[in-house]
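Undergrad: build me a model from this:
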Amino acid sequence: MTIRARLRDFIITDEDWIFAVADYCHPDGIRSVLRYVPDPQGTRGVQKKYRKLDFDDSFVFMKTARPEWVKDVHIVPREHIKQVLAPNEKLPFIMKGNKKVRTIVGALRNGIQLDKMGVTGSLLAGLQNESSDIDFIVYGSSWFTARDIITQVKKDKTAITEISDEMWRDIYKKRKPEISFDEFLIHELRKGNRGMVDGTYFDLLYVRDWEDIEPFARGVDVGVKTIEATVINADFSFDSPAIYKIDHPEISYVLSYTHTYAGQALVGERIEARGMVEVVGDMKRLVVGTTREPKGEWIRSLTLIES
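TA: Presented below is the predicted three-dimensional model:
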């Protein structure tokens, strides 16, 4: 069978391992990261018990169990995949059993088609628990409409509210960014891509429409650099990687592989960015988030900070 998978889909293998798809293009197998494995002592699931693996543990597990699948992410051969879980296709089913998801969908329904929405994460796998966040997806340019709707709904004193200061501090500690908490908060509050629904945290995540997916190759690293530049296109600034086209004499794009710096700057703003310069053909890009928790790498909107 033909396997079609994009970022934030889940795949299930013939051994019932559940992977989160980590990319849009999959030349040699589905690029993904292992999230859940069957385990009789696991704490997730009802009929069958699963154990959740964090990023580092998933690589430890895979290096033992399937070392040949381990590259920069996990490359799952198509012949070992028995099911693809697509967030938009599973949404109607998830809504039936989750009032909080229904609340988010209800807020967006007037402006967004249902097939442009989805839910990923533990809810997609049916392995959520009481403390699980909601990873809510909106596809393509509809994401920006959804963000604006959620921003307005937060002001209307509904079940959807802004994040508390305490929660922001928890997010900051978890993300461990290379900018101060005050700078982090200024950037985050403007993005509008997080909130609370009846006391549960949710993320508004961007995923490309199928027609917007293009092959995307990593380049050759040539060294760390700090630059200042003006953003001239930010259409994919909430994608993964986040992409900023910039006006700079040497560097054409800034990319961020860490969610912290998605949506960090708007068109026309001056940014400061530090990361790894990579060469792709005759083009150079600056990449932020070359490791899971990037040290000494960041993107800051100087325009926002100075305003």
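Undergrad: now do the buried residues in the helix or strand bottoming out on mean pLDDT in the chain.
TA: Ranking every helix and strand in the chain by mean pLDDT, DSSP states H and E puts helix 165-175 at the bottom, with a mean of 92. By 16 or more other CB atoms under 10 Å, the buried positions in helix 165-175 come out as Trp168, Ile171, Tyr172, Arg175. Where C-beta positions appear, they are placed from N, C-alpha and C, glycine not excepted.
Undergrad: now for the helix or strand just after that helix, which elements pack on it?
TA: For helix 165-175, the following helix or strand on the C-terminal side (DSSP states H and E) is helix 181-191. Packing partners of helix 181-191 (3 or more CB pairs under 8 Å, 6 or more residues apart in numbering; DSSP states H and E): helix 165-175, strand 298-301, helix 302-306.
Undergrad: export these to CSV and tack on distance to Leu108?
TA: Formatted as CSV, the helices and strands packed on helix 181-191 follow (distance: least, CB to CB, whole Å):
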stretch, distance to Leu108
helix 165-175, 22
strand 298-301, 27
helix 302-306, 27
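Undergrad: about what we covered before: want to throw the buried residues of helix 165-175 into TSV with distance to Ile18?
TA: TSV is the format used below for the buried residues of helix 165-175 (distance: CB to CB, whole Å):
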residue	distance to Ile18
Trp168	30
Ile171	25
Tyr172	29
Arg175	25
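Undergrad: closest to Leu204 among these?
TA: Ile171 (14.2 Å; CB to CB).
Undergrad: mind listing what that closest one touches?
TA: Ile163, Glu188, Arg194 (CB atoms under 8 Å, 6 or more residues apart in numbering).
Undergrad: select from these the one having the most neighbours.
TA: Glu188 (20 neighbours; other CB atoms under 10 Å).
Undergrad: what's near enough to touch that residue?
TA: Trp168, Ile171, Arg194.
Undergrad: just the pLDDT for the residue lying closest to the first one once chain neighbours are set aside.
TA: In space, Trp168 comes closest to Leu185 once its chain neighbours are excluded; the distance is 5.9 Å by CB to CB, 6 or more residues apart in numbering. Taken from the predicted model, the pLDDT recorded for Leu185 is 96.
Undergrad: what ranges do the helices span in the stretch 1-150 of the chain?
TA: For the stretch 1-150 of the chain, the helices defined by DSSP state H, counting those that start in this stretch occupy 55-65, 87-97, 99-108, 122-125, 142-155.
Undergrad: and this protein, what are its domain boundaries?
TA: 10-85, 87-207, 217-306 (automatic domain parsing).
Undergrad: can you put these in JSON lines and add distance to Arg4?
TA: Output for the domains of the chain, formatted as JSON lines (distance: least, CB to CB, whole Å):
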{"stretch": "domain 10-85", "distance to Arg4": "7"}
{"stretch": "domain 87-207", "distance to Arg4": "12"}
{"stretch": "domain 217-306", "distance to Arg4": "18"}
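Undergrad: wait, Ser142 touches Ile112, no?
TA: Yes. Applying CB atoms under 8 Å, one finds Ser142 in contact with Ile112, separated by 5.1 Å.
Undergrad: look at the residue lying closest to Asp72 once chain neighbours are set aside and give its secondary structure.
TA: Distances taken as CB to CB, 6+ apart put Arg218 closest to Asp72, at 7.9 Å, once the chain neighbours are dropped. Classification of Arg218 using DSSP: H, G, I helix; E, B strand; the rest coil returns coil.
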